[in-house]
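Student: Show me the folded form of this:
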Amino acid sequence: PTRRSSDLRYGKKENKMKILYLNHVCWEWIFQRPQILELLIEKDFECSVVNKHFIFGKTIANNNVMPKNGKNVWLFPKYQDFKALAYLNSLIYKLYVHAIIKKYDAVWICHPSLYYSVPKKFSGKIIYDCMDNHAAFKSDEKQRKLLIQKEEELIKRADLVFATSNKLIDTVPGLNKAILVRNGYLSNVKQLEIKQPIKNKNYKIGYFGTVAEWFDYKLLLNSAKKFGNIFYHVLGPIANGLKFEPDNNILFEGAIEHNKLSEKVKEYDALIMPFTINEIILSVDPVKLYEYINFGKCIISVWYPEIERFRPFVYFYKDETEYMELINMLSAEGFPPKYSEEERRTFLSENSWEARYALIKEKLEMLDNENKKI
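Tutor: A predicted model of the protein is given here:
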């Protein structure tokens, strides 16, 4: 028989495990781990994505590569402000998952809050990808304890658990047997040549990613006032409710499509990760550091134990005093990158998303074989 066009594109998948992929963020949000891994998984398995889609919802990435089989669940916006809407959204999502889950051999869960939607009688495999210290995001103690309980139940029930950092494995209860699968970089994103240091009158330092409560704006503001020739360019969405003291040396440019980043970044002298260290950040394996290396720039970041392995590529600081000294030194030298082309090539070959997925694929195939033996 003639092979289907989908077989040619995604590989022959007859009798492959059918996975229901429960994603906690809208697909049209920042292109990150949940979307990237699903697009890799669907090349080898029958994967369907349940995507939260909000009525009149805001999207910031209309050009994200879409999944082959996406299933939008339409939900009500502003549910954070109304308990009734939050309850209704949860009910809609749960009923939708219940209606289709029988068709699948496994469920991939991206956030512990989605575990409630999986029927207790579901006999298939459960996979949990733990990518953050989720409980740390909850300021309400009651909600925090409830999420911790849900996550413990999920981990105990799961047949396969991944985690993005050693700190997560050490911190989250029950995660000690998780398989470490760190984040990575997209190999199809345009790579820039390693920037040669050039002494200029003014310098541009860039940041891209979400701007949330852990973004150390005070550090940038103080350094902008001290060094009048340093200009910060911030690319990414700003979390609701956050407002900053305006400064002519700090420009917020809003969200940008992922495939346009290289064009913006190539004009920068350096890239920065200015985070305030808290229990959320301590568990993060930051995607942006991989991407920063791919862009070949001088890289500056706050230090914490999980990212010590980036030291050959990153200029670290621990406090504002060290940061000011670092900026003073680097600006005098024209912001030289810390690494060579050979060092970058070796690092990126070992830390691409494709390299990460190789281990995930191996574990999924083992689960698939277990299903066939039953």
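
Student: Show me which parts of stretch 99-115 are buried, residue by residue.
Tutor: 101, 104-115 (16 or more other CB atoms under 10 Å). All C-beta atoms are positioned from the backbone trio N, CA, C, and that covers glycine.

Student: Quick check: the two most widely separated of those residues?
Tutor: Greatest spacing in those, by CB to CB: 105 and 113 (23.0 Å).

Student: Just send the buried residues of stretch 99-115 back as TSV, with distance to residue 158, pLDDT and secondary structure too.
Tutor: Output for the buried residues of stretch 99-115, formatted as TSV (distance: CB to CB, whole Å; pLDDT from 0 to 100; DSSP: H, G, I helix; E, B strand; the rest coil):
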residue	distance to residue 158	pLDDT	secondary structure
101	15	97	helix
104	15	97	coil
105	15	96	coil
106	10	97	strand
107	10	98	strand
108	10	98	strand
109	8	98	strand
110	12	97	coil
111	13	97	coil
112	10	97	helix
113	15	94	helix
114	12	96	helix
115	9	97	helix
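
Student: Got phi/psi on residue 327?
Tutor: Torsion angles at residue 327 (phi, psi; degrees, to the nearest 10) stand at phi -60, psi -40.

Student: residues contacting it?
Tutor: Neighbouring residues of residue 327 by CB atoms under 8 Å, 6 or more residues apart in numbering: 223, 227, 230, 300.

Student: Which of those sits closest to residue 55?
Tutor: Nearest member of the contacts of residue 327 to residue 55, counting by CB to CB, is residue 300, at 41.2 Å.

Student: from the contacts of residue 327, which two are the most distant?
Tutor: Once CB to CB is applied, those give 227 and 300 as the farthest pair, at 13.0 Å.

Student: Compare those two and say which one has the larger neighbour count.
Tutor: Comparing residue 227 with residue 300 by other CB atoms under 10 Å, the one with more neighbours is residue 300, at 23 against 16.

Student: Report the mean confidence score over the helix or strand containing the more buried one.
Tutor: Using DSSP states H and E, residue 300 sits within strand 298-302. Predicted confidence along strand 298-302 averages 98 (mean pLDDT).

Student: Tell me which helix or strand comes right after it.
Tutor: strand 315-317.

Student: measure residue 359 to residue 181 for me?
Tutor: 6 Å (CB to CB, to the nearest Å).

Student: Neighbour count for these two, which is higher?
Tutor: Remark: of residue 359 and residue 181, residue 181 carries more neighbours, 23 against 13, as counted by other CB under 10 Å.

Student: wouldn't that one be in contact with residue 165 here?
Tutor: No - contact status for residue 181 versus residue 165: not in contact, 9.9 Å apart, counting by CB atoms under 8 Å.

Student: and which of the contacts of residue 327 is nearest to residue 242?
Tutor: residue 223 (19.3 Å).

Student: Next up, the contacts around that closest one.
Tutor: Contacts of residue 223 by CB under 8 Å, 6+ apart are 230, 323, 324, 327.

Student: In the protein, which helix is the longest?
Tutor: Longest helix in the chain by number of residues (criterion: DSSP state H): helix 353-373.

Student: If anything else comes up later, I'll come back, but that's it for now.
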